[in-house]
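Undergrad: here is my input; please provide its structure:
(2 chains)
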Protein chains: 2
Amino acid sequence: MSLIVGVVGATGAVGEEMVKVLHHRKFPMKKILLFASERSAGKKVVTPYGELEVQLFSVEAVQACDYALMAVTGGFSTEFSPQIIANGKTIVIDNSSAWRYDDNTPLVIPEVNPQAMKDKLLIANPNCTTAIAAMALWPLHQRYTLKRVIISTYQAASGAGAAGMTELLEGTQKQLNKEPVVNEVFAHPLPFNVIPHIDSFQENGYTKEEMKVTWEMQKIFGDADIAISCTAVRIPTLRAHSEAITIETAKDVSADEARDMLRSAPGVKVVDDPAAKQYPMPLNATSQYDVEVGRIRQSLIFQPRGLDLFVSGDQLLRGAALNAVLIAEAKRLSLSDML
Amino acid sequence: MSLIVGVVGATGAVGEEMVKVLHHRKFPMKKILLFASERSAGKKVVTPYGELEVQLFSVEAVQACDYALMAVTGGFSTEFSPQIIANGKTIVIDNSSAWRYDDNTPLVIPEVNPQAMKDKLLIANPNCTTAIAAMALWPLHQRYTLKRVIISTYQAASGAGAAGMTELLEGTQKQLNKEPVVNEVFAHPLPFNVIPHIDSFQENGYTKEEMKVTWEMQKIFGDADIAISCTAVRIPTLRAHSEAITIETAKDVSADEARDMLRSAPGVKVVDDPAAKQYPMPLNATSQYDVEVGRIRQSLIFQPRGLDLFVSGDQLLRGAALNAVLIAEAKRLSLSDML
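TA: Have a look, this model is predicted:
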């Protein structure tokens, strides 16, 4: 219990969740340190560990930590993560997209590819949409070998941070009052709307958010042959992303067999009883560690080698904070093994 | 101008739109008659034609019409549509699903298969999700031959009628006030939620709403070889459905060529300038006749024979009222041709 854990960007939506998950999962530590930029440094925040003062970020201060969970921008991580790990000791788990596609940086979902971490000090956490889909797709890939994956997302406002949630809530009240709705976080007003645009557009017409799913899933699954296409869509929900997924497999698959197998998959909760109106929904997936998987059916498109399914997962947890803490847990156990 | 037009179910969300569209498109008529059940009969309603009294529905009263636009339930249409056309004169255009799959009843989108109407008196209007997708897919099918179509929908509350819209609006205000949200129209509370369940579940695990897209698209396109799979999802928007669509084609297709071709397709508005943040959205598609089509890109899944695209269309117009009036217009023109 001599470990010191730091959370960098501790006052953001993901940083706050990281502190909560560390506490809820009883991550063994002597001390937790919260870091933020000048704007938040000095603030006192209420956490499950009691009231804590937020410290001003500096490389030296974070290097005092054994684990640094980074809930920061890509630009920030690009600059500072290498400086932090230069001490040869601090393990940095980075939630930004800065290092995910770097060949020397493992991109890890602990239930999928913990072995990729090896002895690396910098470990990348996947994009939320990727992580949520991967929980359902990894067991299916192991058993049936995925050939094609088509994903359409239903992404919540909090994917754009706490400011996104606030903009949706305030804008919704304005629209109900028939007042003009303003948008700063989102490209267009989100209340009662759908915006098929998350992150920047790439030359191939896909957004970066959509390409992240392709790039990251292939890297995490260690299989560049899986063809993956995503349409990423922001919708007026607060928390938990949903995804409609169609897969083509190399081997025959049945909905019943897949459902049974997913029941024993880690991090997955099968919610698939249509007669009882039970299927994945943000309403239930919010604040849950497990990703809900349901609507599992033999695909009409890829027969008999395909399924359609629907998933809902808390993107602040499975897609960010929980995954980061699980990486820290796995890293800690693998280090203890080496002693 | 001697025609009499009746709207049956005139006080519902679709019926009201039918009256507005008839007026806006200047459908030539001597008289419009509004019919409803006992609950609404006798009411006076404000329409673009002035204040009109709603009449009690009876087969005889509707048989006085040359055209009867039916915005009624499947059960009602099953019982009464055959009785109405038994006079050998009244043309019934039915928005319910009662007759869509009947081999003797044409299912028509006038821009796609007007020839299917022949001399039939009963003509079925397609499901809204089908009609919206078909506007974009028909030109693509003609040029490139569709092999597989995968659709994920983002469907508005008004797909469940005016009561659906009211439930969403009232529930949203309640949730903002942190009061309990009740649901009667929808299977679960819809505010800030996503419900992957529209219409009843079928034995194959798809909902009837999802299967309608398969059955109807194949019938309208006259091609049972197109494999079509849909995931139909209710989201907290008020009006206009959106759909993420992936297609595999028999012939090579490029996004640029498809975009150019769709620019001249009837009933379609290409909204596809990502750099200017222009793409289909319910916010803009609401109350528009044309279906917005955008996010057109070479599919990462089906290369070089596939596209991904996104559509938004007003389901009360393109998916119901407008399509019904366009059927009446096409029928009227074909009858004039015969004189």
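
Undergrad: quick one: contacts for residue A:274?
TA: Going by Cβ atoms under 8 Å, 6 or more residues apart in numbering or on different chains, residue A:274 touches A:295, B:197, B:201, B:205. In short, each C-beta sits where N, CA and C put it, glycine included.

Undergrad: which pair in those spans the largest distance?
TA: Pairwise distances across the contacts of residue A:274 (Cβ to Cβ) peak at 11.7 Å, for the pair B:197 and B:205.

Undergrad: and those two? which has more neighbours close in?
TA: Comparing residue B:197 with residue B:205 by neighbour count (other Cβ atoms under 10 Å in any protein chain shown), the higher total belongs to residue B:197, at 23 against 19.

Undergrad: can you tell me how far that one is from residue A:308?
TA: 14 Å (Cβ to Cβ, to the nearest Å).

Undergrad: residue boundaries of the strands in the stretch 51-200 of chain A?
TA: All strands of the stretch 51-200 of chain A, identified by DSSP state E, counting those that start in this stretch, fall at A:55-56, A:67-70, A:91-94, A:122-124, A:146-154.

Undergrad: same question, the stretch 201-339 of chain A
TA: A:227-231, A:241-249, A:268-270, A:291-298, A:306-313.

Undergrad: list, one by one, the residues from the stretch 51-200 of chain A near chain B.
TA: Within the stretch 51-200 of chain A, the positions adjacent to chain B are A:148-150, A:152, A:154, A:169, A:172-173, A:176, A:187-189, A:192-197 by Cβ under 8 Å from any Cβ of the partner chain.

Undergrad: just the angle between the lowest-mean-pLDDT helix or strand in chain A and strand A:306-313, please?
TA: The weakest-scoring helix or strand in chain A, judged by mean pLDDT, DSSP states H and E, is helix A:322-338 (a mean of 91). Compare the direction of helix A:322-338 with that of strand A:306-313 by axes from the mean of the first three to the mean of the last three Cα atoms, to 10 degrees and you get 90 degrees.

Undergrad: buried ones in helix A:322-338, by neighbour count?
TA: Neighbour-count burial for helix A:322-338, counted by 16 or more other Cβ atoms under 10 Å in any protein chain shown, picks out A:322-332.

Undergrad: what is the nearest of these to residue A:209?
TA: For the buried residues of helix A:322-338, the closest approach to residue A:209 (Cβ to Cβ) belongs to residue A:323, at 17.1 Å.

Undergrad: quick one: the closest one and residue A:126 touch, right?
TA: Yes - when contacts are counted by Cβ atoms under 8 Å, residue A:323 is listed as touching residue A:126 (6.9 Å).

Undergrad: so which residue of the stretch 51-200 of chain A comes closest to chain B?
TA: Nearest residue of the stretch 51-200 of chain A to chain B: residue A:152, at 3.5 Å (Cβ to the nearest Cβ).

Undergrad: what residues are bridge-paired with that residue?
TA: Residue A:152 has these beta-bridge partners by DSSP bridges: residue A:231, residue A:244.

Undergrad: now do residue A:68
TA: residue A:6, residue A:92.

Undergrad: let me see the contact set for it.
TA: Residues near residue A:68 by Cβ under 8 Å, 6+ apart: A:5-8, A:62, A:84, A:90-93.

Undergrad: if you set the cut-off to 7 Å instead, what comes out?
TA: The neighbours of residue A:68, taking Cβ atoms under 7 Å, 6 or more residues apart in numbering or on different chains as the test, are A:6, A:8, A:62, A:84, A:90, A:92.

Undergrad: equivalent analysis for residue A:222, please.
TA: Counting by Cβ under 7 Å, 6+ apart, residue A:222 has contacts residue A:113.

Undergrad: look up how far residue A:136 lies from it.
TA: As judged by Cβ to Cβ, residue A:222 and residue A:136 stand 18 Å apart.

Undergrad: circling back: can you say which of the strands of the stretch 51-200 of chain A is packed in most?
TA: Ranked by mean neighbour count under mean count of other Cβ atoms under 10 Å in any protein chain shown, these are led by strand A:67-70, which reaches a mean of 28.

Undergrad: for it, what is the distance to the chain centroid?
TA: Relative to the chain's own centre, strand A:67-70 is displaced by 15 Å; criterion: Cα atoms, centre = their mean, to the nearest Å.

Undergrad: can I get that strand in CSV, CA atoms only?
TA: The C-alpha trace of strand A:67-70 is given here as CSV (Å, rounded to 0.1, in the frame of the first residue of the first chain):
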residue,chain,number,x,y,z
TYR,A,67,0.6,5.7,-11.6
ALA,A,68,-0.6,8.7,-13.5
LEU,A,69,-4.0,8.5,-15.1
MET,A,70,-4.2,11.2,-17.7
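
Undergrad: buried ones in stretch A:223-243?
TA: Buried residues in stretch A:223-243 (16+ other Cβ under 10 Å): A:226-243.

Undergrad: got the end-to-end distance for it?
TA: 21 Å (Cα to Cα, to the nearest Å).

Undergrad: what's the mean pLDDT across it?
TA: Model confidence over stretch A:223-243 averages 98 on the pLDDT scale.
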